[in-house]
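Predicted structure and sequence below. I'll ask about it afterward.
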Protein chains: 2
Amino acid sequence: MCAAAAAGMATSAVPFPPAGAGAAGAAVAAAGDAGADEPMYGDHDLVMSQAADCRRYADLHGMLAPGGAQVGERVWIRARVARVRAKGNSCFLVLRQGVYDTLQACYFKDKERPEASKAFLKWLSGLAPESIVDVCGVLQAAAVDSTSIRGAELGIERLFVISRAEPQLPFQLDDAMRTEEEIVASEATDRPWSRVPQEQRLDHRWIDLRTAPSASVLRVRSAVCQLFREALYARGFVEIQTPKLIGGESEGGAAVFTTEYFEQTACLAQSPQLYKQAAICGDMGRVFEVGPVFRKEKSHTRRHLCEFTGLDLEMEIKHHYNEALDVVHATLAHTFNGLEQRFAREMAAVRTQYPSRPARISDQPCIVHWEEGMAMLKAAGADVDETADLTTALERQLGELVAAKHGVDLYILDRFPAGARPFYTMPCADNPALTNSYDVFLRGEEICSGAQRVHVPELLEQRIVAQGLPLDSLRWYVDAMRYGTPPHAGAGLGLDRVVFLYLALDNVRKATMFPRDPNRLTP
Amino acid sequence: MCAAAAAGMATSAVPFPPAGAGAAGAAVAAAGDAGADEPMYGDHDLVMSQAADCRRYADLHGMLAPGGAQVGERVWIRARVARVRAKGNSCFLVLRQGVYDTLQACYFKDKERPEASKAFLKWLSGLAPESIVDVCGVLQAAAVDSTSIRGAELGIERLFVISRAEPQLPFQLDDAMRTEEEIVASEATDRPWSRVPQEQRLDHRWIDLRTAPSASVLRVRSAVCQLFREALYARGFVEIQTPKLIGGESEGGAAVFTTEYFEQTACLAQSPQLYKQAAICGDMGRVFEVGPVFRKEKSHTRRHLCEFTGLDLEMEIKHHYNEALDVVHATLAHTFNGLEQRFAREMAAVRTQYPSRPARISDQPCIVHWEEGMAMLKAAGADVDETADLTTALERQLGELVAAKHGVDLYILDRFPAGARPFYTMPCADNPALTNSYDVFLRGEEICSGAQRVHVPELLEQRIVAQGLPLDSLRWYVDAMRYGTPPHAGAGLGLDRVVFLYLALDNVRKATMFPRDPNRLTP
């Protein structure tokens, strides 16, 4: 019944050899499970859960290894056709599963059945690359080393198209996988490679993601989330989800998206700041969130987005914000070491196109105080304003100085000037011009910002008024502090930026599946 | 230096006994680390990371157990004052850490130092409950069984207020922890308990969260996320984040929040549907997302919210959507079994206020086809329209019928009528009036909706036009399917609803830290 069902599934397919070809048909039947009248190629019926599938498919991943399919076995494979190369009386395909695994498949003209065989060859060589096919054949030893499965290829017996690709792709996958170095080098030759512009990649992200480097960037992104949470679970953190539609701006300063919310106006949260603090007021002790953050900033830089994923944490402290810094450092160390150790395949795939080295991370946090950082910059001849935030150029310069002095690519600058930090930041006890705040820098760029927070309602109120912020929409937040609030500190990281900087990409958009910037809302 | 710093930290505190009390001061010094001139109680200096803390604090959790503080030890404890009870020449406090751990602390008038001791007693008895304190004392054996630490209490020697609570709480924690049954029973007596209305809880969520049941609901919510992801990681899924600001509505039907997006109008995503499918077009194979979902629905029910957390997954299938159903069922089984086994303390704490039993879950998915479900309802005398979605009442009735027949609280209804499902749902091959779609029901209510999707651009386009949806804003989505798209299926769950129904709460708002509905945007 199953064989009949399988045959029935490909009604628009061509029986091969044609029905009634007699002896040849019998020969094929003898070679496998296909009877003389069964279709050998063509378009598969639309897959719509007609019946339980009775094909057992082989995975390319693990093929030839113990437990995987072996040379000599007849297998069904579902895969994309990555390449088609017709060559005289033969046709070679490269089959691809996911982005890492490829296998050569081939068909040679059968002298016993010249007509049918020729038709099949012609049909095969017309397959549009990126089409998805079900192919049946026998694995045979062969000197192949251009695919991930080496030393074997599939001798094609039957092939059906599950989903046909348009003949023309928006760009070629090979073009999208070259290093900048290769492209630049080729420009001096008479066959320069074409460069796929970033906008074109993003317009057709579903094609770009089929390249191993781009896909691996997103797999690294997923791994960062996983490792980040692992480290926090191990330290007693609880995951929360705070509202993204809120009654007032979550922080002053950055521009905000608004929406009509029934009879009110809602803002899209610029951070989970106030709500994660409310969780601390509610004795949740240690909380974190992974969620979207919205900033209506008309920035056209390589590191700003209008929507990004925040990795936020907040925790009670006994006495000093260093307690939070220790957690942040340990979490990042766990994350980055975990990427190198447990996601080596993904890291290697990214590095084929975007070379980088593992970041150097100290066991204990490398903390540089603001005063010390300013002194280092001045000693290096930089022109600095000690009361204002660092410019991007100064950030980089300081990163280099710290890397040279301490041999690390991840460090913490703390005690930022009050003018550079939001109203809820606790001032320094020994210098009210500075604050109990910190940024974390990776390869010289900021990935994280945090601080001890003001946990006293009177002081909070004072600072809200002093900064000219609307006390009304922050009333609930101040009031939440009135019933005994533990001293607390926290941090906010940008996932997109962590990925972009750890992988040393040239643009944060490469770290986001569908980035949002002032010019990009689709797809 | 450390002792001096500790003393200096509480400058507004009262030395006890007063400076110059001579012999008595010496006696105290002999009893511990406090000298005659050191303050014994009062307001602690504002904690602002002045110096590294040199107090080692004891945790209530694990106290008296191996590794924890033992009877006879002098310890510092940071905790909330949960209760204050002055009684003649003594004062008893209950100290609370987090929501699960409590310890009795006591102070008795000292006959040797009557004046100072009386002043301390008076001061202690005036402490506002919910204040956070640092208290030092000696753990001593005592017949205490009303706190989580039994058989011991803390003999108070010194106590400083870290953060003072207002004297009047919005409601009493005890009132917020009673079962509905207790309250109803008390109404027949002359001392009925007051009920804390849900709106009042939500207005002061940071107080409500200090009750063990409410806090545990949110800890269970965190655990659901953790277990859900665990199950999916183990099955090769990759986590994605899709944009929440999108160029067009993600699905027809539900009302949508919009915002000005520079020169365009953006919608807040009603689901990650189109984008998770785009990830499948990009060969990500198996993806999931945990993220916010926005619905501008003016629903005032106990199970609808305007913003909730979606648990979404999407995966390639070879042939049948049952492949996805198996994953969904296994993931839910892992999650619910994990809650009972690994989060027993949290589950028990919820059940003290909201009684429920573990849901009965079969090893293999219990699948009921639409036709069969309708027949069951009709046989039970229900009035059903086979071409429309189920009403809530019919959902519950069918849930009871399935529970009675199959002995499960979790089942899947599949093959929903086409009119009840969105345009991207694959029709049934054997009956175009039905679709390859499914809902998962927990305790008779829907927690999950999913389907095989249409992966053919021509059919998609047809269905978009037939349903009168704007083809323009969906163009990118249809086009994403043009380059070979694997057959795929997926599901979307509502986290809030999963928690609410698994815990058998009376309202989904209890499962959300800061819920959003048409009347609630703050806090």
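Done, it's in. Residues are numbered from 1 along each chain as shown, chains lettered A, B, ... in the order given.

Not counting sequence-adjacent ones, nearest residue to residue A:512?
Leaving aside its chain neighbours, residue A:512 sits nearest to residue A:496 (5.0 Å; criterion: Cβ to Cβ, 6 or more residues apart in numbering or on different chains). Heads up, the C-betas are built off the backbone N, CA and C, glycines and all.

Quick check: the one you found vs residue A:263, distance?
As judged by Cβ to Cβ, to the nearest Å, residue A:496 and residue A:263 stand 35 Å apart.

For the residue nearest to residue A:512, pull up the helix or strand it's in.
Counting by DSSP states H and E, the element that carries residue A:496 is helix A:495-502.

Count the neighbours of residue A:120 for me.
23 (other Cβ atoms under 10 Å in any protein chain shown).

isn't it right up against residue A:86?
No: using Cβ atoms under 8 Å, residue A:120 is not in contact with residue A:86, being 11.5 Å away.

elements contacting the one helix or strand residue A:374 maps to?
Secondary structure from DSSP H and E places residue A:374 in helix A:370-379. Judged by 3 or more Cβ pairs under 8 Å, 6 or more residues apart in numbering or on different chains; DSSP states H and E, the packing partners of helix A:370-379 are helix A:392-406, strand A:410-414.

Could I get the full set of strands for the stretch 151-300 of chain A?
With strands called from DSSP state E, counting those that start in this stretch, the stretch 151-300 of chain A shows them at A:152-163, A:238-239, A:245-246, A:258-261, A:264-268, A:286-294.

Which pLDDT value belongs to the residue of the stretch 301-450 of chain A found nearest chain B?
With Cβ to the nearest Cβ, the shortest gap between the stretch 301-450 of chain A and chain B falls at residue A:319, namely 3.3 Å. The confidence metric pLDDT takes the value 94 at residue A:319.

Over to residue A:141?
For residue A:141, the model assigns a pLDDT of 98.

May I see the helices and strands packed on helix A:370-379 arranged in CSV, with distance to chain B as well?
Shown next, in CSV, are the helices and strands packed on helix A:370-379 (distance: least, Cβ to the nearest Cβ, whole Å):
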stretch, distance to chain B
helix A:392-406, 21
strand A:410-414, 10
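
hey, which of these is tucked in deepest?
Using mean count of other Cβ atoms under 10 Å in any protein chain shown, the stretch among the helices and strands packed on helix A:370-379 with the largest mean neighbour count is strand A:410-414, at a mean of 24.

ok and that strand relative to helix A:495-502, angle-wise?
With axes from the mean of the first three to the mean of the last three Cα atoms, to 10 degrees applied, the angle from strand A:410-414 to helix A:495-502 works out at 120 degrees.

How is chain A divided into domains?
For chain A, automatic domain parsing gives the domain ranges A:2-163, A:212-511.

quick one: which of those is nearest residue B:467?
domain A:2-163 (18.8 Å; Cβ to Cβ).

chain center to the closest one, what's the gap?
Relative to its chain's centre, domain A:2-163 lies at 33 Å (Cα atoms, centre = their mean, to the nearest Å).

is any part of it close to chain B?
Yes: using Cβ under 8 Å from any Cβ of the partner chain, domain A:2-163 comes into contact with chain B via A:46-53, A:55, A:57, A:78, A:80, A:98-99, A:128, A:130-132, A:162-163.

And for stretch A:442-460?
Yes: looking at stretch A:442-460 against chain B by Cβ under 8 Å from any Cβ, the contacts come from A:452, A:455, A:456, A:459.

pretty sure residue A:325 is touching residue A:368, no?
No: with contact defined as Cβ under 8 Å, residue A:325 does not reach residue A:368; the gap is 11.8 Å.

Please enumerate the shared neighbours of those two.
Listed as contacting both residue A:325 and residue A:368 by Cβ atoms under 8 Å, 6 or more residues apart in numbering or on different chains are A:412, A:414.

so who does residue A:290 touch?
Contact analysis of residue A:290 by Cβ under 8 Å, 6+ apart lists A:225, A:228, A:229, A:239, A:309, A:310, A:311, A:312, A:495, B:290.

switch to 10 Å and redo it
A:224-225, A:228-229, A:232, A:239-241, A:272, A:309-313, A:493, A:495, B:225, B:239, B:241, B:290-291 (Cβ atoms under 10 Å, 6 or more residues apart in numbering or on different chains).

now swap in residue A:183 and tell me
When contacts are counted by Cβ under 10 Å, 6+ apart, residue A:183 touches A:175, A:192, A:193, A:194, A:195, A:196.
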